[in-house]
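Visitor: Provide a 3D model corresponding to the input given below.
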Amino acid sequence: MRNKLKGWIPYLVILATLILLLIYSQARQRSFEVTIEPLFEVEESQLSSIQITKDTLSVELVRLDSQWVFAAPDTGRPSTYRVNDFLKQVLKGQREDDISKDTTQYRKYGLTADAATKVLLKDRSGLSVTAYFGRSPADYSAEFVRADGDYRVYPLRQKALNYLGATASWWR
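Guide: Reported below is the predicted structural model:
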């Protein structure tokens, strides 16, 4: 019996080594996986106000009952299609891991106060969330976001700036 087992020992050692290498390799690969997180923690049903500002232009949408309307001085209702696109693409949008924590890099990502598009969301309880959206001047297809009070810059998983019109005429 011992003689039979002696012949298998080198194979068992090789098998155990391969299993350990596989476990080690998978653990190393997990460190390179991208973490995807939601842009906002605000629930759509709790949202009461959306304010979008770009340069000197600004528009505010307010929810009255179940419909969105423009806040004064604008009047009327925004297009349901535009509002639904905003809610789908921006409110439910996703971001990846942070790529910078350096505030001097904001210009590189188009997130300075004069270049970024500011989005202010308010919920029914009065809490507000502010985010700044921008495009990199070097790579116009790359879009980034940072939250007010958070110095980190995050790349977006999908386009969001196309849904952030800062004038009432864009929302009609």
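Visitor: rest of the way, CA atoms for contacts and neighbours
Guide: Noted.
Visitor: show me the strands in this protein, by range?
Guide: Listed in chain order, the strands of the chain (DSSP state E) span 37-38, 47-54, 57-64, 67-70, 94-95, 117-123, 128-135, 143-147, 154-155.
Visitor: okay, those strands in CSV with mean pLDDT and mean neighbour count next?
Guide: Supplementary listing: those in CSV, determined by pLDDT from 0 to 100; neighbours: other C-alpha atoms under 10 Å:
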stretch, mean pLDDT, mean neighbour count
strand 37-38, 90, 14
strand 47-54, 93, 20
strand 57-64, 92, 18
strand 67-70, 92, 18
strand 94-95, 92, 20
strand 117-123, 93, 21
strand 128-135, 93, 21
strand 143-147, 93, 23
strand 154-155, 94, 22
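Visitor: poorly predicted segments of this protein, please.
Guide: Where the chain drops to pLDDT under 70, the residues are 1-5.
Visitor: before we move on, the earlier item: same list, the strands of the chain, but as TSV with distance to residue 86 please.
Guide: Listed next are these as TSV, based on distance: least, C-alpha to C-alpha, whole Å:
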stretch	distance to residue 86
strand 37-38	14
strand 47-54	10
strand 57-64	12
strand 67-70	12
strand 94-95	13
strand 117-123	11
strand 128-135	14
strand 143-147	15
strand 154-155	18
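Visitor: so which of these comes closest to residue 19?
Guide: Among these, strand 37-38 comes nearest to residue 19, with 32.5 Å by C-alpha to C-alpha.
Visitor: now do that closest one: which elements does it pack against?
Guide: strand 94-95 (3 or more C-alpha pairs under 8 Å, 6 or more residues apart in numbering; DSSP states H and E).
Visitor: mind giving me the domain split of this protein?
Guide: The chain breaks down into these domains under automatic domain parsing: 1-33, 37-171.
Visitor: what's the most buried one of those domains?
Guide: Comparing those by mean neighbour count (mean count of other C-alpha atoms under 10 Å), domain 37-171 comes out on top with a mean of 17.
Visitor: that one: end-to-end distance?
Guide: 27 Å (C-alpha to C-alpha, to the nearest Å).
Visitor: which ones are touching the residue minimising distance to the centre of the chain?
Guide: Per C-alpha atoms, centre = their mean, the C-alpha nearest to the average position across the chain is that of residue 95, at 3.0 Å. Counting by C-alpha atoms under 8 Å, 6 or more residues apart in numbering, residue 95 touches 36, 37, 38, 39, 154, 155, 156, 157.
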